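Participant: Predicted model follows, preceded by the sequence.
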Amino acid sequence: MQMPPPKQRILARKPALVARLRAAIGDDCVIDDPRETHAYECDALAAYRCTPMAVILPRSTEAVSAALKICHEFGVPVVPRGSGTSLAGGALPSEDSVVLGVARLTQILEISTEDRLIRVQTGRTNLSVTGAVEPLGFFYAPDPSSQLACAIAGNIAMNSGGAHCLKYGVTTQNLLGVRIVLMDGTIMELGGGHLDAPGLDLLGLICGSEGQLGVVTEATLRILHKPAGARPVMIGFDAPEVAGKCVSDIIRAGVLPVAIEYMDRTVIRATEDFAGAGYPDVAALLIVEVEGTEEEIDTQLALISGIAQALNPVEIRQSRSAAESANIWKGRKAAFGAMGQINDYMCLDGTIPISELPAMLAKIDALSAQYGLAVGNVFHAGDGNMHPLILFDANKPGDLERAEAMGADILRACVEAGGCLTGEHGVGIEKRDLMLTQFTQTELELQLQIKDVFDPKWLLNPGKVFPLPLTEARRA
Amino acid sequence: MTDQDLAAQIAAATSPLHIIGGGTRCIGPQIGTPISTEALTGITHYDPGALTIIARAGTKLAEVEAALAAKNQMLPFEPILPGAALGRSGASTIGGVVAANASGARRISAGACRDLALGLGFIDGLGQVHRAGGRVMKNVTGYDTTRLLVGSHGTLGLITEVAFKVLPLPELTLTLRAEGLDDAAAIAAMSAAFATPHEVSAAQHISGGSTAIRLEGFAATLPKRAAALAAILPGFALAEYDWQAARQLQGLRPDASQRLWRISVRPSHGAAVGAALRAAGATSIQYDWGGGLIWAIAPASVDLRAALTLPGHAQCFTNTHGAFHPEPAPQATLTAALRAKFDPKGLFNQGKMD
């Protein structure tokens, strides 16, 4: 993966830049010792690393504004960083960049159950937002699997999803307002406690813009009352295409499960060795969870089980208690960790229309044979967001490149099937060079022009999202 | 006329164009040569098992909703039908719904039009055809230009086609109703209903009249949920309520000397804002979205924005200048610059949102 070469004229002015930043936002908010900046060299796409010139950790929106103004004046690229859990390299620094971390912006500013919102600084973790409203009976719906660590800032930058999107949507459907700082230091409020702000939906544009349009320091998030309860049913099939049909049949029948998760045999075996959840050894396993009162859950699970029965499943296991629910989820929740135990893997994130699921699984099998790399499939089947895990050996020369080439082929197939390159992880550097498979040159040019409007000097996270040759002149 | 014909017309245009759909919800001034989406009709893709439908912009909203209903599905955001309230006779098109981000009662639980629009096709001001988003529920590839176009009232491009996420139609709908609550008590009751696990799908209050809280779900179990909710809401009981009439803004029929207004505020500010609007001359006040959306009628000479001192925004359903709430300076600069990128010749719906 190529990154733009650092600019010597920027590196040469490091001492002057650091001095100005220290004076503006405080000594203890600026890190420039390479032994410490080293800690910010990568995010969760750890195959790619680069130590930045400096790291700043401002304590307020005003400090973010002051720091950005200085970087803007110096013409220094700025890489915004939440908690560094991006799987796409969204927070990967360049050698001539300043990393702006929001880790010290963690306050809760307001909770209103009457207006069903919470206002927080964006360095706060996703799970701690739900934690703050849980005693009141509420929760924040988007739940990316990194929710213990990931920051709201990163959730907004990547428009993060999670397992419960089928019912509750992703970040953009749960974001009511932001306080954002533009690259020139301008502080702006978008949206707020009222719904559907007037004018063009700049809030919607900011969400998912991968830190390229501004730095979000505060967010107003929609909170919902928790459901009375939730329970899953686990259904095993001996053929992936039958599992795919089952998903469509459930949805067509008018049930709206809160989650439909899919695991294949490779993943089931790995998680059984790791977590011992007692899953059957089947070609395809579905976990379908519904919400409501005990009676409502029973009604929905009976309906789902009836649909599944008609498709001759190997096994149906309906949870009847919290303990049984936890056991059914135990393997799924351990899936990524379990796969990591047995192998290095690359996690893809393409989305396809649900009806294309069987054909896509067959296509992935064929590519797996062609490249000689095993694949495990574990994903959110209800919304078509696939996470094929390509297994490779990081110590074997050429294996990573082979995995990347195979991943690119799978993502191209997702686009051809009517889907997209990334459902919830973002483009970052990882899928940057594939953007022209999903968009025309004309469409991408318009997106570049959107960035021109917010960041005319192309300083915010500049080497990401778009193929480098398309942005070269703008980054010069 | 095809997409390509429209694109060619736009590419060749040198003076302002005014985009026309069904003519039922268009607000703001109408400047320039009309350009219609009426020839762009038909549902081009419907996959009930994937909860997705795609329709061309000129397709009638009624046609889309009928096709969905035939498979027991619906557009979740329950678009309002303001034609009668505005004295207009046309039939709403799906392109117009999207251009106006026209969301109704279920917006509070299922999201706004822009939350359910998965992708769209549009023609920019140079006549170039674009595809934004797609037809899948999770898509974070590139900037979300779909959301930018939804609610842009035709000022960024001519929308040719839209893909939506749809939802199953509820088997049963039940309404809990109370009469004669004052605005503050009604909003407090609606907020209390949302602060339960009963999944309220809509909550409206007509000032001086009914307060209605709607539940939707399976026929076998919904009555119990309604009973559980009624038990914690004094004065509320199962009753009829015409949600279809509410969609058509019943009770909001301004005469020639009056204007219809739509004001969005925090629900907790709803009653205070309602009182301020009334003091400024507003009548026929109705609340939707649990108190967060206020509908009102005011004399044409009154600008209700002057009475809105709490955070929020107000829109006037008029075809004159100033229908929209003015944007603060930094946003106004950005939106003007964005419009210049999407429409460099300044063709589309000039001055509409100013």
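Facilitator: Everything's here; your move.
Participant: how does chain A divide up, domain by domain?
Facilitator: Chain A breaks down by automatic domain parsing into domains covering A:8-103, A:108-225, A:228-332, A:343-426.
Participant: ok, and which of these has the densest surroundings?
Facilitator: Each of the domains of chain A was scored by mean neighbour count; the highest is domain A:108-225, a mean of 23, by mean count of other CB atoms under 10 Å in any protein chain shown. For glycine as for every other residue, the C-beta is placed from the backbone atoms N, C-alpha and C.
Participant: Could you tell me the average pLDDT over that one, please?
Facilitator: For domain A:108-225, mean pLDDT rounds to 96.
Participant: and it, is it in reach of chain B?
Facilitator: Yes - judged by CB under 8 Å from any CB of the partner chain, domain A:108-225 and chain B are in contact via A:112-116, A:137-138, A:158-159, A:161, A:165-166, A:169-170, A:172-173, A:182, A:186, A:188-190, A:192-202, A:204-205, A:207-209, A:213, A:225.
Participant: okay if I get the domains of chain A as a markdown table plus distance to residue B:250?
Facilitator: Shown next, in a markdown table, are these (distance: least, CB to CB, whole Å):
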| stretch | distance to residue B:250 |
| --- | --- |
| domain A:8-103 | 45 |
| domain A:108-225 | 22 |
| domain A:228-332 | 29 |
| domain A:343-426 | 36 |
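Participant: Can you verify residue A:22 is assigned to a helix?
Facilitator: Yes - Residue A:22 forms part of a helix when assessed by DSSP: H, G, I helix; E, B strand; the rest coil.
Participant: who touches it in this structure?
Facilitator: By CB atoms under 8 Å, 6 or more residues apart in numbering or on different chains, the contact list for residue A:22 reads A:29-30.
Participant: hmm, 10 Å instead?
Facilitator: Counting by CB atoms under 10 Å, 6 or more residues apart in numbering or on different chains, residue A:22 touches A:28-30, A:32, A:54, A:56.
Participant: cool, residue A:252 as well?
Facilitator: Residue A:252 neighbours (CB under 10 Å, 6+ apart): A:307, B:47-51, B:71-73, B:168.
Participant: Now go through the residues you listed and say which are in strands.
Facilitator: Of the contacts of residue A:252, the ones assigned to strands by DSSP state E are B:47, B:73, B:168.
Participant: Distance check, the nearest residue to the first one once chain neighbours are set aside against residue A:251.
Facilitator: In space, and not counting its chain neighbours, residue B:47 is closest to residue A:355: 5.5 Å by CB to CB, 6 or more residues apart in numbering or on different chains. Using CB to CB, to the nearest Å, residue A:355 is found at 10 Å from residue A:251.
Participant: any common contacting residues for the two?
Facilitator: Common contacts of residue A:355 and residue A:251 (CB under 10 Å, 6+ apart): B:47-50.
Participant: got the contact list for residue 33?
Facilitator: Chain wasn't specified; assuming chain A. Each residue near residue A:33 by CB under 10 Å, 6+ apart is listed here: A:54-55.
Participant: that answer is for a different chain, and I need it for chain B
Facilitator: When contacts are counted by CB under 10 Å, 6+ apart, residue B:33 touches B:9, B:13, B:15-18, B:347.
Participant: again, only using 7 Å
Facilitator: B:15, B:17-18 (CB atoms under 7 Å, 6 or more residues apart in numbering or on different chains).
Participant: For the residues you listed, which single residue is the most surrounded?
Facilitator: Highest neighbour count within the contacts of residue B:33, by other CB atoms under 10 Å in any protein chain shown: residue B:17, with 23 neighbours.
Participant: Sort out for me which of the contacts of residue B:33 are in helices.
Facilitator: Using DSSP state H to define helices, no part of these is located there.
Participant: and the gap between the spatially closest residue to residue B:279 that is not a sequence neighbour and chain A?
Facilitator: In space, and not counting its chain neighbours, residue B:279 is closest to residue B:307: 7.0 Å by CB to CB, 6+ apart. To chain A, residue B:307 is 15 Å away according to CB to the nearest CB, to the nearest Å.
Participant: I'd assumed residue B:281 was in contact with residue B:307.
Facilitator: No - with contacts counted by CB atoms under 7 Å, residue B:307 stays clear of residue B:281, the gap being 8.5 Å.
Participant: out of these two, which sits in the busier spot?
Facilitator: Set residue B:307 next to residue B:281 and count neighbours by other CB under 10 Å: residue B:307 wins out with 21 against 15.
Participant: Could you identify the most distant pair in the shared contacts of residue A:355 and residue A:251?
Facilitator: Greatest spacing in those, by CB to CB: B:48 and B:50 (7.5 Å).
Participant: Those two: which has the busier surroundings?
Facilitator: For residue B:48 versus residue B:50, the count of surrounding residues by other CB under 10 Å is larger for residue B:50: 26 against 21.
Participant: what's near enough to touch whichever residue of the stretch 251-400 of chain A sits closest to chain B?
Facilitator: Of all residues in the stretch 251-400 of chain A, residue A:254 sits closest to chain B, at 3.8 Å by CB to the nearest CB. Going by CB under 7 Å, 6+ apart, residue A:254 touches B:72, B:168.
Participant: just residue B:187 next, same as before
Facilitator: Applying CB under 7 Å, 6+ apart, the residues near residue B:187 are B:205, B:267, B:270-271, B:287, B:291.
Participant: Surely residue B:94 touches residue B:163?
Facilitator: No - shown here, residue B:94 and residue B:163 do not form a contact pair, counting by CB under 7 Å, at 10.6 Å.
Participant: These two: which has the busier surroundings?
Facilitator: Neighbour count, other CB under 10 Å: between residue B:94 and residue B:163, residue B:94 has more, with 32 against 24.
Participant: Can you give me the pLDDT of the more buried one?
Facilitator: The model's pLDDT for residue B:94 equals 98.
Participant: And the residue nearest the centre of chain B?
Facilitator: By CA atoms, centre = their mean, chain B has its centre lying nearest to residue B:102, at 1.7 Å.
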